[in-house]
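Provided below for reference: sequence and predicted model.
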Amino acid sequence: MIGSWAFFLLVLDFFLSLVFLLPLKDYRGPYRTFPYMTLGLVLLNTAVHVLVYYVLPLGEDAWSQGGLMWQMMLVPADVLNGEGLGSLSMITAAFLHGSWSHLVGNMFILWFFGRRLEDVLGPTKFGLFYLACVFVSGTGSVLGRAALPLTQGVIPGLGASGAIMGVVAAYLFLYHGQRILTLILLGVIPIPLRIPAWVFILYTVTRDILSGWLEQEFQAIGHIYSFVDSFAHLGGVIAGLICVYFFLPRELLYYRHRPSAAPKPPLSGKS
Amino acid sequence: MSNSTQVAELLQAGIAAAKAGRAQEARQALLQVTELDERNEQAWLWLSGVVESLKYRRACLENVLAINPDNGYAQEGLRWLDQQSSTPATSQERCPRCQASIPPSGTTCPHCGQALIVACPACGQYVDVREPSCLECGQFLGDFRDGARYHLALARAYLKQHQYALSQEATARAEAEASGDPQVLGGVAALHEELGHSDLAIAAYEQAIEHDLGNAVLYARLGAIYRRRTLHAEARVMYELAAERAGDDPGILFELAQLHVEEDGATTEARKLLEKVVRLEAGHAQAHLLLGDVYLGQQRGPQAVQHYERACQLTSPGSRIGREAHRKLGRLHPSTPEHQAQGWMETLRRTSGLMLTPALAALVNAGLSPWRISLAAWGGLAVSSVGAYLWVCATDVPRNPAMRRVFGPAGVKGLEQQALVGIPGLVLWTAALGLILLKV
């Protein structure tokens, strides 16, 4: 039996699961550049999905019939034991998705937040940032899932959501007060509302923390609560907040918090 | 609806209200009838029964008799009034201003033009001009002896209640009685402006300026009308005259600066004016926003950022200025502060970002135990750090101390030098990462 505290969290998670947030518009005006890297990542993820689910199964060998896919997924136990693809599987797993809805959901969020970030970082840096987020969130996933009492990191993980959460967290770092027109689905009731960016991420992080916690509680009594990799999501948030510091142009960091430090305009003289 | 039908309906409604004891409603309806048809005997007669003062009652009955001298009710009513009051009747009614005798039902003195009754701006009831407040609703009306100012205040009150015809009438009366008072004329002009009569407003402002050559606000208001009419030269003259007289008024200076920007773009003159505005009023968000535009137009990005940031701080993100400032700020990429661009810390920060991936890859391959990282992986990390450093030198921190030593004070400059440093860097970094990932 789970404790009363866990039961409370379970109820809370249930109610939160009735709410679905779909960002629609962020009112930050037009983009400065075309989002080559974001688009590239979306296309690459889609191509890998098609390849893995529709092209590979055409082959008859064991490699085609799931062997390769298994190798590409992130298995924390294997990573810690130095087996399989090791750290490479963090990259490969980040381009795999379990279903079309998984892929579309992730790519939608990447497209929504990634374009804004790419506008600030530029395509190359955004690509490197994304790669760093893949690794930090992957590490979070390995650490979190390996510590689960029941599965002990043997269940393979896949999906870009960890890295995408990094992108969302970086967006929050840059534009925390920005209002986002969000379609809030309360069960089946759609409510379009302009909510601050921090509310969006707070909701997501809360759900991930609850989910991770409940996973621990349930596995302690021999059950699996959810197959959603909350640890990768949380790792992604941390990744985003860490990585954005290393990748953001200094001037944005600098003037953002010290507007008075910008060079003073001369009050006279020729312009 | 025809006039006669309207009169009949109003009369019927007034009589019904009077019979039902709803005196105020009856008064309003019957007064409207008398306005539409001043020779309506029935309306005057019923009105005499619902007005509040004996004086008005007498006036109503006299009007009835003026229309029909044989009206028995009116004759009887007047006789009763005579008994009630020792005040002699109409012959002694005098204009409050010129003291000439006036007809009982007149609205204006035929001798001096003084208004004798005014409509209350709050309830619409007609009130004797001598009353300081409306008898019906208690609305303060002022002292009619103030003349133009009294009518000006009424005109403003009417405008507030969207009673445009009454406001216009009161404005005209105020203008007629202004007799060169610049304050009244300024007020009259402002009312004309609000009522949409800019020609009349211009004339009134010009007249006001003639009587008060030192009033900066009058020049500025006139300038604003010229500006709206895109008469920029005239507007500029007016604003400059205003600025000469009130050089410390941020509002006037800002409008002049706006005009400069509209006409000539981001000029030094506009910049100086705006700098003065923000010096005088540090919280003038719109001035900060415009100053940001001017700096941007003068290719001075960091200063533009500073003022856009200030405008953002002073406004809420949802407001028009706030939104605009955020949008403009988002589009700007100010250059890195020079002491940062030339320092080691910035180079280290950038290189660390690139090193996150190979470092984590090596750590994960070692089962998250740093002591298990292989020698090859350490070598890979060393190579990738050199690659990352070179890439950062070519792209982000071209003037770090080492690059300045190698390439001179400008550091890595030009596509050729960037390629010379950056491409080997990228190759080294990618190759080392590949080696680590593949556990070579």
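Nice, thanks for sending it over.

Surely residue A:182 is in a helix?
No - with DSSP: H, G, I helix; E, B strand; the rest coil as the criterion, residue A:182 is strand rather than part of a helix.

List the contacts of it.
A:21, A:22, A:23, A:24, A:192, A:193, A:194, A:195, A:200 (Cβ atoms under 8 Å, 6 or more residues apart in numbering or on different chains). (Glycine included, C-beta is placed from N, CA and C.)

confidence score at it?
Listed pLDDT for residue A:182 reads 88.

bridging residues for it?
Per DSSP bridges, residues listed as beta-bridge partners of residue A:182: residue A:23, residue A:193.

Buried among the contacts of residue A:182? Need that as a selection in PyMOL.
Here is the PyMOL command that selects the buried residues among the contacts of residue A:182 (16 or more other Cβ atoms under 10 Å in any protein chain shown):
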select buried, chain A and resi 21+23+195+200
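
Name the nearest of the contacts of residue A:182 relative to chain B.
residue A:194 (8.6 Å; Cβ to the nearest Cβ).

Just give the nearest non-adjacent residue to that closest one, would you?
Spatially, and ignoring its direct neighbours in sequence, residue A:194 is nearest to residue A:179 (4.4 Å; Cβ to Cβ, 6 or more residues apart in numbering or on different chains).

follow-up on the earlier one: with pLDDT as added columns, please give the contacts of residue A:182 in JSON lines.
Shown next, in JSON lines, are these (pLDDT from 0 to 100):
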{"residue": "A:21", "pLDDT": "85"}
{"residue": "A:22", "pLDDT": "86"}
{"residue": "A:23", "pLDDT": "89"}
{"residue": "A:24", "pLDDT": "88"}
{"residue": "A:192", "pLDDT": "89"}
{"residue": "A:193", "pLDDT": "86"}
{"residue": "A:194", "pLDDT": "87"}
{"residue": "A:195", "pLDDT": "87"}
{"residue": "A:200", "pLDDT": "85"}
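
Check which helices and strands the worst-scoring helix or strand of chain B on mean pLDDT sits against.
In chain B, the helix or strand scored least confidently by mean pLDDT, DSSP states H and E is helix B:338-341, which has a mean of 71. Using 3 or more Cβ pairs under 8 Å, 6 or more residues apart in numbering or on different chains; DSSP states H and E, the elements in contact with helix B:338-341 are helix A:250-257.

so for the helix it packs on, what's the average pLDDT?
Helix A:250-257 comes out at a mean pLDDT of 57.

now stretch B:414-421
According to the model, stretch B:414-421 has a mean pLDDT of 89.

do the same with stretch B:300-312
Mean predicted lDDT for stretch B:300-312 stands at 80.

Equivalent analysis for stretch B:137-155, please.
On average, stretch B:137-155 scores 81.

Report the separation between the two terminal residues of it.
18 Å (Cα to Cα, to the nearest Å).

Equivalent analysis for stretch A:60-68, please.
Stretch A:60-68 end-to-end distance (Cα to Cα) = 12 Å.

Point out the residues in the stretch 1-150 of chain B that sit beside chain A.
Contact residues (Cβ under 8 Å from any Cβ of the partner chain) of the stretch 1-150 of chain B with chain A: there are none.

what number of residues lie near the residue in the stretch 1-150 of chain B that chain A sits nearest to?
In the stretch 1-150 of chain B, the residue that lies nearest chain A is residue B:122 (39.6 Å; Cβ to the nearest Cβ). Residues within reach of residue B:122, counting by other Cβ atoms under 10 Å in any protein chain shown, total 16.

Stretch A:113-131 and chain B in contact?
Yes - residues of stretch A:113-131 are located near chain B by Cβ under 8 Å from any Cβ, namely A:124, A:128, A:129, A:131.

taking the mean pLDDT, what do you get for stretch B:241-251?
87.

are any of the residues of stretch A:113-131 next to chain B buried, and which?
For those, buried by 16+ other Cβ under 10 Å: A:128, A:129, A:131.

Doesn't the first one lie inside a helix?
Yes - secondary structure of residue A:128 (three-state DSSP): part of a helix.

for it, what are its contacts?
Shown in contact with residue A:128 (Cβ under 8 Å, 6+ apart): A:247, B:353, B:354, B:357.

how far away is the first one from residue A:37?
I take that to be residue A:247. The gap separating residue A:247 from residue A:37 is 13 Å, by Cβ to Cβ, to the nearest Å.

More neighbours: those two, which one.
Neighbour tally, residue A:247 and residue A:37, criterion other Cβ under 10 Å: the higher count belongs to residue A:247, 26 against 23.

just checking, the more buried one touches residue B:353?
Yes - in terms of Cβ atoms under 8 Å, residue A:247 counts as a neighbour of residue B:353; the distance is 4.8 Å.

where does the residue of the stretch 251-400 of chain B found nearest chain A fall, phi/psi-wise?
Residue nearest to chain A within the stretch 251-400 of chain B: residue B:353 (2.9 Å; Cβ to the nearest Cβ). Reported as degrees, to the nearest 10, the phi and psi values for residue B:353 are phi -60, psi -50.

nearest residue to it other than its sequence neighbours?
residue A:246 (2.9 Å).

Would you map the strands across the stretch 1-150 of chain B?
Ranges of strands within the stretch 1-150 of chain B are B:117-119, B:126-128, based on DSSP state E, counting those that start in this stretch.

What lies in contact with stretch A:102-114?
With Cβ under 8 Å, 6+ apart, stretch A:102-114 has contacts from A:22-23, A:26, A:35, A:37-38, A:41-42, A:45-46, A:49, A:97, A:126, A:130, A:159-161, A:164, A:167-168, A:170-171.

can you list the weak-confidence ranges in chain B?
B:1-2, B:84-94, B:102-106, B:330-337, B:440 (pLDDT under 70).

how about the longest helix that it contains, does it get close to chain A?
Longest helix of chain B, by residue count under DSSP state H: helix B:414-437. Yes - Helix B:414-437 lies within reach of chain A by Cβ under 8 Å from any Cβ, at B:436, B:437.

List the buried residues in that helix.
B:417, B:421, B:422, B:425, B:426, B:428, B:429, B:432, B:433, B:435, B:436, B:437.

can you give me the offset of that helix from its chain's centre?
Centroid displacement of helix B:414-437 relative to its chain, using Cα atoms, centre = their mean, to the nearest Å, is 57 Å.
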